[in-house]
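# Just a sequence and a predicted model for now, questions to come.
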Amino acid sequence: MFSVKNRSETIKTLQSETFDLLVIGGGITGVGIALDAAGRGLKVALVEKQDFAAGTSSRSTKLIHGGLRYLKQLEFGLVREVGQERKTVYHNAPHLVIPERMLLPITKDGSFGKTSASFGIYTYDWLAGVKRSERRSVLSRTSTLKREPLLQKDGLEAGIMYWEYRSDDARLVIEVAKTATADGAILLNYCECADFLYENDHVAGIEARDLIGGHSIQIKAKRTINAAGPWVDKIRGKDSDVKGKRLHLTKGIHLVFDHERLPLKQAVYFDVSDGRMIFAIPRDGCTYVGTTDTTYTDKLERPAVSQSDVNYILAATNEAFDIEPLTQDDIRSSWAGLRPLIHEDGKSPSELSRKDEIFISDKGLISIAGGKLTGYRKMAERTVDLALRQLEAQEGRSFLLSRSSSRKLSGGSYHSFNAFKDELGATDLTNDQLSSLYHKYGDNAKIIVGSIDWKTADRTWAILIAELNYAVENEMVAELSDFLIRRTGRLYFEKRIADHYAEKLNDELADLLGWTEAQKAASINTYNLESRAVLTFK
C-alpha cells in the first residue's frame, strides 16, 4: 500500500534488499523511470527528499502539449516525440488529461503571420499525428472575436484554433507513483540522498536520511539513477566534480485570478511585446496566466515569484485583453517552478533546448536532465534501456522491453467523466463536485464518494475529509501541504477553501497519523508558510 502508515515497513525493505535500480528524485521523470523499470520485472527503489512532485513537477503550465513554440527553434524531432506522447498519456490517464481548444490570435506585429501560423500548426499536426477531429482551423478576425470577445481588437487580424491537453501535473506524478508501487516498486518521500556507497570504485547505492524519523538508511543497488530535476548537478557533485555539460536553471511563474476578473471563454496562447508567448487558461473558477522564462541562481527549494515577474504577467495580460486592467490585488494565488535545462553558451533562457540528455559519471552514476512533462515516459524508457544494457553486459541477464506505453495509470480505467458518472449512478453531489473528484482520482473517486458522510451538514467539509482519508491510506500524504497542494491543488485554485479548512484538516491529519503536538505544529506552520508565499512578491 502506498501509505505513510507503512513507512517503517518501507524503510526496512529499502535497507534489507539489493535493488536492480535505485532512483533519486520523485518528480515525473523519477516516478516514470520507476514505473518503466518495475513494469519490466526489475527490483526498483526510489527516494525523494521532499514530497513527490514538490519541485518542478507541480509547478508547470499544467499542459500535456506538443510544444508548438519548438517549431520556431526547428526542433522537429522533439515536436514529433512529445506530440505522439501526448496521445499516449491521454490514453493511459484520461481522467487527468483533458482536451482543450487553444486559440492563437494572429496580430499585426505578432510572432506569427496568418500564413506562417497556419503552416506551422499544419506541420505541428502532421508531426504530432493529431487526429482529424482535433486538427487546426484558421479563423477570420470576426470568428476569432466570437470565440474570445475579450481579445484586444486593435491589430487583431485572424486566429488559429488548435488543441492542447490540460492536465494536473502533480496528480499525474502521484498516479504514476501509485502505479509503479502496484507493479512492485518501493517509493519513499521525505528521504534524502546524503552520500553514495561504492564497491570497487563504482556507485553501489546511497546513504540516505529519513527526514521524518531522523535515521540514516543504506540502500544498495546495482545501478543508481539521478533524476532529481533542478537538483541533478548537486547530486552529481556528491559523486564527483561536475564535468562537461551542466544545468542551466530557468524560472517560470504563473498567476491565478478569479475567472470573473478574467472571464475568458477558452484558453488563449498570445504574444507578449518582448517576442515571447504565454498562456491564459480558464480552470476551476479561475484563470491562470503564464509563464515567464528567466535564468535562476537562487535557492532551489520553494522558488519565489518576484515583483518583476508579477509586473511582466500583469502588463502582458492587460495588453492582450480588453478588460478592466488587472492589478496585483486581483491575484488569488501563484506558483513558480524551475526548468532543469542543459546549458548552451550564448543562448538566452527561451532559446535553450527542452531536449533531455543523459550523463554517466566515471563511477557509474546515471543522471538525466532536461525534457518536458509530456515526454516523461520516453525519457524514462531511454534511461532504463541504458541501465539495462549495462546490466545485460555485466550479468548476462535479458530483460523485457518497456510496456509503459500501454500501462493504464491508477484511476485511468474510464475513457470519460460521463462513462464514470453513468456507472456510478445517482449521488447527492453536484455535477461540478463529482467532476472535480473524477478529474483528480479517476475511478478511485468511487472510494471517496463511498466514504462521504452524507449526514454532515457542511458538504465541502464532508468531501474534504473523504479525500483526506483516501490520500492518507493510498497517496503517501505525510503532512498538510502534501494534501492541499500536491494531491488536490487547492492552494492554487481554491485558496479560500484551503485556508478556511486548514486548521481543521491538520487536526484530522494529526489524529489519523498519531502526531505529537510538535509534529502537528510543524505541519500547519509549513502550510501557512506556503499559503503566504503564493501572495508574497519581492
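Great, that's in hand.
# Can you name every helix or strand that the helix or strand encompassing Asn528 contacts?
Take DSSP states H and E as the rule and Asn528 turns out to sit in helix 517-533. Helices and strands in packing contact with helix 517-533 are listed as helix 480-481, helix 495-513; criterion 3 or more CB pairs under 8 Å, 6 or more residues apart in numbering; DSSP states H and E. Bear in mind the C-beta positions are built from the backbone N, C-alpha and C, glycine included.
# Kindly export it (C-alpha atoms) in CSV.
What follows is helix 517-533, C-alpha atoms only, in CSV (Å, rounded to 0.1, in the frame of the first residue of the first chain):
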residue,chain,number,x,y,z
GLU,A,517,2.0,18.4,19.3
ALA,A,518,5.3,19.4,17.8
GLN,A,519,4.6,17.4,14.6
LYS,A,520,1.1,19.0,14.4
ALA,A,521,2.5,22.5,14.8
ALA,A,522,5.2,21.9,12.2
SER,A,523,2.7,20.7,9.6
ILE,A,524,0.4,23.7,10.0
ASN,A,525,3.3,26.1,10.1
THR,A,526,4.6,24.7,6.8
TYR,A,527,1.3,25.1,5.2
ASN,A,528,0.9,28.7,6.4
LEU,A,529,4.3,29.5,5.0
GLU,A,530,3.3,28.1,1.6
SER,A,531,0.0,29.9,1.8
ARG,A,532,1.6,33.3,2.5
ALA,A,533,4.3,32.7,-0.2
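# Please identify the buried residues of that helix?
By neighbour count, with 16 or more other CB atoms under 10 Å as the criterion, the buried positions of helix 517-533 are Lys520, Ser523, Ile524, Tyr527, Asn528, Glu530, Ser531, Ala533.
# what does it contact?
With CB atoms under 8 Å, 6 or more residues apart in numbering as the test, helix 517-533 has contacts from 302, 304, 479-481, 484-485, 491, 495, 498-499, 502-503, 506-507, 509-510, 513, 515.
# got the angle between that helix and helix 495-513?
Counting by axes from the mean of the first three to the mean of the last three CA atoms, to 10 degrees, helix 517-533 lies at 160 degrees to helix 495-513.
# what mean pLDDT does helix 517-533 have?
Taken as a whole, helix 517-533 has an average pLDDT of 98.
# Repeat that for stretch 143-154.
In this model, stretch 143-154 carries a mean pLDDT of 96.
# Now do that stretch: everything it contacts.
Counting contacts by CB under 8 Å, 6+ apart, the residues outside stretch 143-154 that touch it are 103, 105-106, 139, 156, 158-159, 161, 262-266, 268, 319-323.
# give the contact list for Val47.
Listed by CB under 8 Å, 6+ apart, the contact set of Val47 reads 14, 22-24, 26, 187-189, 191-193, 206, 208, 219.
# I'd like the buried residues of helix 517-533 as JSON lines, with distance to Gly83 appended.
Rendered in JSON lines, the data for those read as follows (distance: CB to CB, whole Å):
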{"residue": "Lys520", "distance to Gly83": "47"}
{"residue": "Ser523", "distance to Gly83": "41"}
{"residue": "Ile524", "distance to Gly83": "43"}
{"residue": "Tyr527", "distance to Gly83": "38"}
{"residue": "Asn528", "distance to Gly83": "42"}
{"residue": "Glu530", "distance to Gly83": "34"}
{"residue": "Ser531", "distance to Gly83": "37"}
{"residue": "Ala533", "distance to Gly83": "35"}
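# Show me which of the residues you listed is closest to Tyr376.
Glu530 (24.7 Å; CB to CB).
# Next step: the contacts of Val47 restricted to strands.
Leu22, Val23, Ile24, Leu187, Leu188, Cys191, Glu192, Cys193, Ile206, Ala208, Ile219 (DSSP state E).
# what number of residues lie near the second one?
Right, the one you point to is Val23. The burial count assigned to Val23 is 34, neighbours taken as other CB atoms under 10 Å.
# what is it paired to in the beta sheet?
Applying DSSP bridges to Val23 yields these beta-bridge partners: Leu46, Ile225.
# Any stretches of this protein with poor pLDDT?
In the prediction, the chain carries residues with pLDDT under 70 at positions 66-75, 114, 127-130, 344-348, 350-354.
# which residues does the residue most central in space within it contact?
For the chain, the residue whose C-alpha lies nearest the mean C-alpha position (CA atoms, centre = their mean) is Asp169; its distance is 2.7 Å. In this structure, Asp169 makes contact with Ile28, Ala53, Ser57, Ser58, Arg59, Ser60, Lys62, Leu373, judged by CB under 8 Å, 6+ apart.
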